[in-house]
Structures are given as C-alpha cells and as structure tokens.
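A.B. asks: only geometry, no sequence info:
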C-alpha cells in the first residue's frame, strides 16, 4: 500500500477525531505546518505533514513503500520535531516491505528497524526530542 492509500482508509475516522488529514498532493489538499516565522509573523519555513490535530498537538506521518527502506523514519523524526505545536508524534510504518531487485524478491522489516532507531534515540539521550510521547504503529 502507498501512504496515500493508508491515509485514504484512515481519513474519515481521523477527521471525526478532529485531525486535518492530507487528501492529495495538490496545494489545497496538503497539510503544511510552520517551523520558523520570519518578517511580519509570516511562516518562513513550513513542512508538509500527513495529518495534524491542532487542539492536541498530534503530528502524524505515514510511510510506505520505498520510504520504509530509506532513511524516511529519521527524516520524519527530525522534521516533525521542528514543527511548532507538535507535542506528540505518531509514525506509521509497514511491518515489512517487499521489493524486487535484480530479479529477486527481497524484504525489509521496516517497523522493527524504525522501532530500533527510536529506541536508540531515546536510550542514548544524546538527541532530545521535544515530544511528550511518540507512538510507532506497524501495519
């Protein structure tokens, strides 16, 4: 499944709970959140996010496909930690991702890899994340 397909399934329930949820890739369908304000209080730096709950400060990112293989989890963790008013972070990753390379079907354990990354970040205490909690969901 793509992250868009996952969001499509989750969107109605999330919107009922008060989340703004990305509905597509065009300008009016994306969710942008401020990171840094510049002159006259205008957002100078903004990042796109899959979903956000303004009242509760919950930021949600959904990864799928090739994002599960790359360092997308690290990128999501850092970028989301820079969002203003993001007190909680929900990261959704596929349990595993199967792909083809040189005619062979390979698999990566995306959820376990991301769990280990988050555990290392919190255990090391070298990189302090600004979240009250992080929820990792495998699907």
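C.D. replies: Done, it's in. Treat the numbers as computed from the prediction; the structure is a model and nothing was measured.

A.B. asks: drop to CA atoms for contacts and neighbour counts, all remaining ones
C.D. replies: OK.

A.B. asks: which residue lies farthest from the center of the chain?
C.D. replies: Within the chain, the residue lying farthest from the chain centre (C-alpha atoms, centre = their mean) is residue 103, at 30.8 Å.

A.B. asks: what are the phi and psi angles of it?
C.D. replies: phi 80, psi 0 (degrees, to the nearest 10).

A.B. asks: residue 134 too?
C.D. replies: Torsion angles, degrees, to the nearest 10, at residue 134: phi -120, psi 130.

A.B. asks: which residues touch it?
C.D. replies: 88, 89, 90, 91 (C-alpha atoms under 8 Å, 6 or more residues apart in numbering).

A.B. asks: how many neighbours does the residue nearest to it when sequence neighbours are not counted have?
C.D. replies: Take residue 134 and drop its neighbours on the chain: the residue closest to it by C-alpha to C-alpha, 6 or more residues apart in numbering is residue 89, 4.8 Å away. By other C-alpha atoms under 10 Å, 23 other residues sit near residue 89.
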